[in-house]
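# Build the 3D model from these lines:
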Amino acid sequence: MYRRCMEINDLKEEDFKGGKKSFKGLEIAKPVWKVNNKKRRELAERLKEIVIEIDGNGTIIYCNKKAIESIGYTRKEIKGSNVINFVVPEDKKKIVNNFNGLLEGKELTRSIYVIKRKDGSTFPAITYPDYIMDDNGKITGIREILVDMSDIKEAKEKLRESEESYHSLFKNSLDGIYRTTPEGRYLDANPALVKMLGYDSREDLLKIDIPTQLYVRKEDRPSHDKRNKIFETQLKRKDGFIITVEINPRVIYKKGKPVCYEGIVRDVTHRKITEEKLKESNRKLKKTLNDTISILASIVEVRDPYTSGHQKRVAQLAAAIAKEMGLDKDKVESIRVAAQVHDIGKINLPESILTRPGKLSEIEYDMIKTHSQLGHDMVSKVEFPWPIADFVLQHHERINGSGYPNGLKGKEIYLEAKILGVADVVEAMSSHRPYRPALGTNKALEEINKNKGKLYEPDVVDACNRVIKKRKFKFEADFEHQL
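A predicted model of the protein is given here:
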């Protein structure tokens, strides 16, 4: 039988002081479960905790649904069994002593036992005992509510691990970690911050007044309403050396009031020095690049005095059109650079063709048309941060495919080259040439508007119109100043 299968090693059910033994001096009555206890059991069936009821001999006379689910036995297997059969051997003596203590009228106190399931697994539970009374007020048994502590223990273990991880991070972090009062006193600081600020010990750092002794300017220390975002500032080390730091702070509130600040401090002094050196290097590189472009542009002007300043004026207009179209600064700069050298290929053409006052023959015009490819080949040897060589190659391409040298259409042409092409036409028609007088800006606008959508990109033409008519654009010698 089941009861025989659950025989106890060294404790027996007789160890429970039941029978004629009294609860608190009262004779144990024969269990009579009336209305109150019935209602209690109805409630117990809906509880998420284990509920069992035990008579004076330690025999379980009731268990709720949660008990069945938790320990894996059926209600029939549990009822009639002694309570010591459901705890691990190490806890059997404790449960007997506690139960007998209740029989003797000792105070009802909670206890912790390890409960044994039918499959052999176990779980810790904390028990809350109470007396069961009949309608006459006689104590008839003990009711125990058991709370499974598995999740609690797991939560405590995770909390312990989390705390250990935090302390390890706090201690070993390469960045400074701190906690201060709103007024400006350190509550805590990790070793990295102590070292960063040049103090001998954490205790020395905790003594300082942060606004006056740490900040270069005490007004740079933000108030609580300006925190919770990363900011950069300068701090004074103990030896007086000034460092630049990046602070990621947050405010700790209690009942709506700031009680302390905490955050992470990163020394960015070397990074700032490196950034400044890089900026200076970029400035020098940009100057060198501009000087190179100017030299290249001047070579063309020496060979072709009739178009002196043409490339610079095209660059001025092309950059203005690009800005009007809302292109970013980088694209505007790339267009300006490409415009300054877009005719560089002409230095490979005979000077007699470049300076001839009359109309060119078909063969001579075909030679002129090679300057786009020649310019591309020359510029491609210079390492620009943009595809300048392609812009130079395409500045005579037209969106209907009638341009040269490759007869590209629509989206095959860079937008930068389309802008450069429109600016080139407008400047050329507006200026004097050996074979004709200047036609003027109005004539140039008439040309691009007439061929808008056919030869020239509509958005570029519209922007050019706005630049000249609404912005009252004028070619200037110092076009870089206008940009």
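
# C-alpha only now, for contacts and for neighbours.
Fine.

# The protein - how does it break down into domains?
2-153, 175-267, 274-482 (automatic domain parsing).

# how about these, which one is nearest residue 167?
Checking the domains of the chain against residue 167 by CA to CA gives domain 175-267 as the closest, at 9.6 Å.

# roughly how far out does the closest one sit from the chain middle?
Taking CA atoms, centre = their mean, to the nearest Å, one finds the center of domain 175-267 at 24 Å from the center of the full chain.

# And for stretch 269-281?
The mean C-alpha position of stretch 269-281 is separated from the chain mean by 25 Å, CA atoms, centre = their mean.

# ok, back up a step: could I get the domains of the chain as TSV with mean neighbour count, mean pLDDT and distance to residue 160?
Conversion of the domains of the chain to TSV gives the following (neighbours: other CA atoms under 10 Å; pLDDT from 0 to 100; distance: least, CA to CA, whole Å):
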stretch	mean neighbour count	mean pLDDT	distance to residue 160
domain 2-153	17	77	10
domain 175-267	16	93	20
domain 274-482	18	86	42
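
# Any chance of CSV for those, columns distance to residue 169?
Formatted as CSV, the entries for the domains of the chain read as follows, by distance: least, CA to CA, whole Å:
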stretch, distance to residue 169
domain 2-153, 24
domain 175-267, 9
domain 274-482, 28
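
# Out of the ones you listed, the one nearest residue 168 is which?
domain 175-267 (10.4 Å).

# From the opening residue of that closest one to its closing one, how far?
Domain 175-267 has an end-to-end distance of 8 Å (CA to CA, to the nearest Å).

# circling back: for residue 166, which of the domains of the chain is the nearest?
Nearest to residue 166 among these is domain 175-267; the distance by CA to CA comes to 11.2 Å.

# if we can go back for a sec, out of the domains of the chain, flag the one nearest residue 161.
Nearest to residue 161 among the domains of the chain is domain 2-153; the distance by CA to CA comes to 12.2 Å.

# residue boundaries of the strands in the chain?
50-54, 60-63, 111-116, 122-133, 139-148, 176-180, 186-189, 231-236, 242-254, 257-267 (DSSP state E).

# JSON lines please, covering the ones you listed and showing distance to residue 88.
Supplementary listing: the strands of the chain in JSON lines, determined by distance: least, CA to CA, whole Å:
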{"stretch": "strand 50-54", "distance to residue 88": "17"}
{"stretch": "strand 60-63", "distance to residue 88": "17"}
{"stretch": "strand 111-116", "distance to residue 88": "6"}
{"stretch": "strand 122-133", "distance to residue 88": "8"}
{"stretch": "strand 139-148", "distance to residue 88": "15"}
{"stretch": "strand 176-180", "distance to residue 88": "47"}
{"stretch": "strand 186-189", "distance to residue 88": "46"}
{"stretch": "strand 231-236", "distance to residue 88": "59"}
{"stretch": "strand 242-254", "distance to residue 88": "45"}
{"stretch": "strand 257-267", "distance to residue 88": "48"}
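
# for those strands, which one sits closest to residue 473?
Put simply, out of these the one that sits nearest residue 473 is strand 231-236, at 42.1 Å, with distance taken as CA to CA.

# coming back round to it: which one of the strands of the chain lies closest to residue 170?
Put simply, out of the strands of the chain the one that sits nearest residue 170 is strand 176-180, at 6.7 Å, with distance taken as CA to CA.

# Direction included, what does that closest one pair against?
Strand pairing for strand 176-180, determined by DSSP bridges: strand 186-189 (antiparallel), strand 257-267 (antiparallel).

# separation between residue 75 and residue 231?
With the distance defined as CA to CA, residue 75 ends up 65 Å from residue 231.

# okay, the strands paired with strand 176-180 in TSV with distance to residue 95 next?
Supplementary listing: the strands paired with strand 176-180 in TSV, determined by distance: least, CA to CA, whole Å:
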stretch	distance to residue 95
strand 186-189	47
strand 257-267	47
